[in-house]
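> could you look at this predicted model? Sequence included:
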Amino acid sequence: MSMSRMDDFVFLSAARQGALIRQRKLSPVDLVRACIARIERYDPVLRAYITLCAESAMAEARRAEQDVMAGNYRGPLHGIPFGVKDQLCTRGIRTTLGSKIKADYVPDTDATVITRLKTAGAILIGKENLHEFGKGGTNVFPFGQPRNPWNPDRTPSSSSSGSGIAPAAGFSSGSLGEDTGGSIRGPAAANGIVGLRPTFGRVSRCGGVMYAWTGDTIGPLTRTVEDNALFLKVIAGHDAEDPLSSKRPVPDYPAALGTDLKGLRLAVVKEMAWPQGVHPEVRQAFEQALDVLRNLGAELGEVSLPWAKHAIPLSMLTSDADVASMYLPLLRTRWHDFDVGTRTRMAAAALVPAAVYSRAMRARAVVRRQILDALNRYDALLSPTNLKPPALIDDAREKVESKADIEQRLILRRISTHPFGVANTPTLALPMGFTGDDLPLSLQIAGRPFAEETIYRIGHAFEKATPWHARHPDLECTLTGFLGRPATVAA
Amino acid sequence: MELTAAQVREAARVLDLDIPEADIENVRLRLTTMLASMAEIERTLGSKMDETEPVPPVYPREEF
């Protein structure tokens, strides 16, 4: 089968692929085979995957095909290929956390979210590349430099890098990533797809390596909002193995999607939308997005969250310290086996005095309260997901050689995403346009705790009114000059 | 407060962590920035922090 013929169905939404599978017009075997063929051709450049599960995925696809033909259709994700950030444990499949320290770690259980997707009939196609231990700031990737499918010189963002690349490149129909301060939303934005950070407690963390225990969440990255809702519906819900998972019932997220926004009050967050340094094309696309939302019937206002900027250092002082406490034994014995970005970030966090940590946790509660107060007045808060288009890979590296580096590389680029991580509110990133040179731009929608239905409704209506989600990178063009080059591990 | 490399080295030794010289400046810059940020946060939010308990938001059960 030719690549162009494959493209006919690999870039369909998962919802559409599922409908065709149910109608027996699309074979899961053909779909999975097409994804694997694309991975084999393009992933030596893009490096979305650390471990490809081709053999088991094909076996599962044949089983799904037999089940569907026998009338045992399990639901809209039956036969749909997905990947997971290699931070989620998979039984019998290595789980590296993007680190050579864990290169040979093979868990004996699946993460709960993976079990749930498999039970729904979805097919695990591979383990996706990430920044080391799920922390942003990796400089040298032991399993290959992840690259942006829209322009391989550009970053696919961090830390769920492969989980953003894969659906965008037609390697899978969806991914699961992990988000503490923006690790799902950043890659969704950079790769031109949809990513959800769910409310903390909405999705079980069991089987994920989730050491930032007050902020880590698992969520889906997909090509459409509807697909995202389909994935969340399957993975959400209480899990006795995660004592912090919520017992609230799981709404029927796909059923709640609509196409108008009448009655909804939305607010632009002044400090996240219009700060100094926002790229002019981001500003223009965001202004146009606001017009679209207004035309869909939403009432638009503006809020000021002057304390939100504190979320970035507060996250580093608390969540990073929680993570560092777990890696201290390895930092003592295997310092040089960590990437320089990871080991210096972890070491600095390990040295945060306990009294400062405790005060920072108090400050987090204060910052969160300001965000929740705004969400009391508005149904959702809006901003660009990133203030700039995806940067050149070298410019995106978190080199720390001066205070200016820290300001630019560690803090400013996180100004829109971290506050909602600290607030633990559900937040959606979705395409809102492209730059003149075809780099994706992204809209961020944050909602009240457990109001995923509302932000999906807003995102879906916006998506239906705009063309951006229907654009996919033509990898034969964007990877010209890279295909056929010898693969390299580092950049 | 601008930390010195010696202070970082000593603090790390309390944790039995020996940071190689090549990485000390990187760690020093990061920690100094974090602590300076916290000092600014104390100036801005300190009184509110005194009235707030440091409960992590892992059971979101607000009024919503």
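Everything's here; your move. Everything quoted here is computed from the prediction, not taken from an experiment. Numbers count the residues shown, from 1 in each chain, chains lettered A, B, ... in the order given.
> show me where pLDDT drops low in chain B?
B:60-64 (pLDDT under 70).
> quick one: buried residues of the top helix by length along it?
Longest helix in chain B by number of residues, with DSSP state H as the criterion: helix B:21-50. Neighbour counts over helix B:21-50 (16 or more other Cβ atoms under 10 Å in any protein chain shown) mark B:23-24, B:26-38, B:41, B:45, B:48-49 as buried. In short, each C-beta sits where N, CA and C put it, glycine included.
> now for that helix, which elements pack on it?
Secondary-structure packing of helix B:21-50 (3 or more Cβ pairs under 8 Å, 6 or more residues apart in numbering or on different chains; DSSP states H and E): helix A:311-333, helix A:340-350, helix A:354-377, helix A:403-405, helix B:5-14.
> dump these to CSV, plus mean neighbour count and distance to A:Ile458.
What follows is those, written out as CSV (neighbours: other Cβ atoms under 10 Å in any protein chain shown; distance: least, Cβ to Cβ, whole Å):
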stretch, mean neighbour count, distance to A:Ile458
helix A:311-333, 21, 22
helix A:340-350, 25, 34
helix A:354-377, 19, 13
helix A:403-405, 12, 36
helix B:5-14, 15, 46
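> looking at these, which is nearest to A:Gly83?
A:Gly83 lies closest to helix A:340-350 among those, at 22.5 Å (Cβ to Cβ).
> now do the closest one: which elements does it pack against?
Going by 3+ Cβ pairs under 8 Å, 6+ apart, helix A:340-350 lies up against helix A:311-333, helix B:21-50.
> where's the shortest one relative to the chain centroid, distance-wise?
Mean-position distance between helix A:311-333 and its chain equals 21 Å (Cα atoms, centre = their mean, to the nearest Å).
> same deal with stretch A:395-407?
On the basis of Cα atoms, centre = their mean, stretch A:395-407 sits 23 Å off its chain's mean C-alpha point.
> please, which helix or strand holds residue 19?
By default, I'm working from chain A. Secondary structure from DSSP states H and E places A:Ala19 in helix A:14-22.
> in whichever helix or strand comes after that helix, what's buried?
As assigned by DSSP H and E, the chain's next helix or strand after helix A:14-22 is helix A:28-46. Neighbour-count burial for helix A:28-46 flags A:28-39, A:42-46 (criterion: 16+ other Cβ under 10 Å).
> rewinding a little: among the helices and strands packed on helix B:21-50, which is nearest A:Ala229?
Using Cβ to Cβ, the helices and strands packed on helix B:21-50 put helix A:354-377 closest to A:Ala229, at 20.4 Å.
> against which helices or strands is the helix or strand that the closest one is followed by packed?
Next along the chain after helix A:354-377, taking DSSP H and E as the criterion, comes strand A:380-384. The contact analysis (3+ Cβ pairs under 8 Å, 6+ apart) places strand A:380-384 against strand A:265-269, helix A:270-273, helix A:280-295, helix A:354-377, strand A:440-447, helix A:452-464.
> any chance of these in TSV, with mean pLDDT and distance to chain B too?
Shown next, in TSV, are those (pLDDT from 0 to 100; distance: least, Cβ to the nearest Cβ, whole Å):
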stretch	mean pLDDT	distance to chain B
strand A:265-269	98	14
helix A:270-273	93	14
helix A:280-295	98	21
helix A:354-377	97	3
strand A:440-447	98	9
helix A:452-464	98	10
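> mind putting those into CSV with distance to A:Tyr73?
Converted to CSV, those look like this (distance: least, Cβ to Cβ, whole Å):
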stretch, distance to A:Tyr73
strand A:265-269, 38
helix A:270-273, 43
helix A:280-295, 36
helix A:354-377, 39
strand A:440-447, 32
helix A:452-464, 24
